[in-house]
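Enquirer: Quick one, what's the 3D model for this:
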Amino acid sequence: MSARISQRVAASVLALALSSVEATDIEWDGTSYLRLPVKHGSDTRLVMPEPFDDAWEHDEEISATLLDSYTLIIRPRTENVEQRLTLRGRNSGTLYLARVSSTLPFSPVVTVHAPSIGGISCQSGGRLSITAVLRAMMLGTVPPGFRIEKSSRVLVDEAPYRVVAEQLWQSFGQAGVIARITSTVPQRVVPVIPTNIQIHLPQLGALRAMAADDYELTPNQPSSRVYIVYGR
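Expert: Next comes the predicted model:
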């Protein structure tokens, strides 16, 4: 009798544990980070609203495999993971910024819905969101209220990078810089890791985000365009 009770208790505990791990749906409006939970020894399946390209901040911590053009299987290689992931929609050009963390409540499936893909999202007060400013610069679409100035200012000149500004985008309380990043060691492959390239311009405000067309500089492609957003 006691064995049967123990089996029933074990089955009930297992059922409760399974029921607490549910799929997550995210209605993304372009104004916040996507929250992607991961757990060592488990897979997280990320389903995006359109085909995409992905760039990891620390790809050695993560095994990421495309199941199809919309779905990414994420498996952490370490117990503790805390990093950013940049996803760029191939159809709309939308830039999705994600926080991948082992501290978030785990969910095996995260499905992202973005009904306003292609539109420009604003924060409260009428300001563009950080992702909207990045997207506008990447597409070369100047939002209302922004003015553009040409620039040739050297922002970074320290191995393995040289970063030279090409354009300055400014609006009230927000600014963006489009620049060219070039490898100073063209015979090697150099990863472009935004967190390792801190370009502080206090006159433009605090550094909010940085993205690139290509996140790897190679002997065949030693430079890439980068996009930096500042805000007050």
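Enquirer: Now residue 139. Nearest residue, chain neighbours left out?
Expert: residue 93 (5.2 Å; C-beta to C-beta, 6 or more residues apart in numbering). C-betas here are computed from N, CA, C, even on glycine.
Enquirer: what is the rounded mean pLDDT of stretch 218-232?
Expert: Stretch 218-232 shows a mean pLDDT of 92.
Enquirer: Just the buried positions in it, please.
Expert: By 16 or more other C-beta atoms under 10 Å, the buried positions in stretch 218-232 come out as 222-224, 226-231.
Enquirer: mind checking how far the residue nearest to residue 139 is from residue 132?
Expert: Distance, residue 93 to residue 132, by C-beta to C-beta, to the nearest Å: 12 Å.
Enquirer: What is the least confident helix or strand in this structure?
Expert: Least confident element among the helices and strands of the chain, by mean pLDDT, DSSP states H and E: helix 2-20 (a mean of 40).
Enquirer: List of residues touching stretch 50-61?
Expert: By C-beta atoms under 8 Å, 6 or more residues apart in numbering, the residues outside stretch 50-61 that reach it are 62, 64, 69-70, 72, 76-78, 81, 83-92, 94, 96, 114, 117, 193-195, 212, 215.
Enquirer: Just the buried residues of it, please?
Expert: By 16+ other C-beta under 10 Å, the buried positions in stretch 50-61 come out as 50, 52, 54-59, 61.
Enquirer: ditto for stretch 154-166
Expert: Of the residues in stretch 154-166, 155, 160-165 count as buried by neighbour count, 16+ other C-beta under 10 Å.
Enquirer: Pull out the buried positions in stretch 172-185.
Expert: By neighbour count on 16+ other C-beta under 10 Å, the buried set for stretch 172-185 is 174-179, 181-183.
Enquirer: And stretch 81-89, by the same measure?
Expert: 81, 83-89.
Enquirer: Done for today, thanks.
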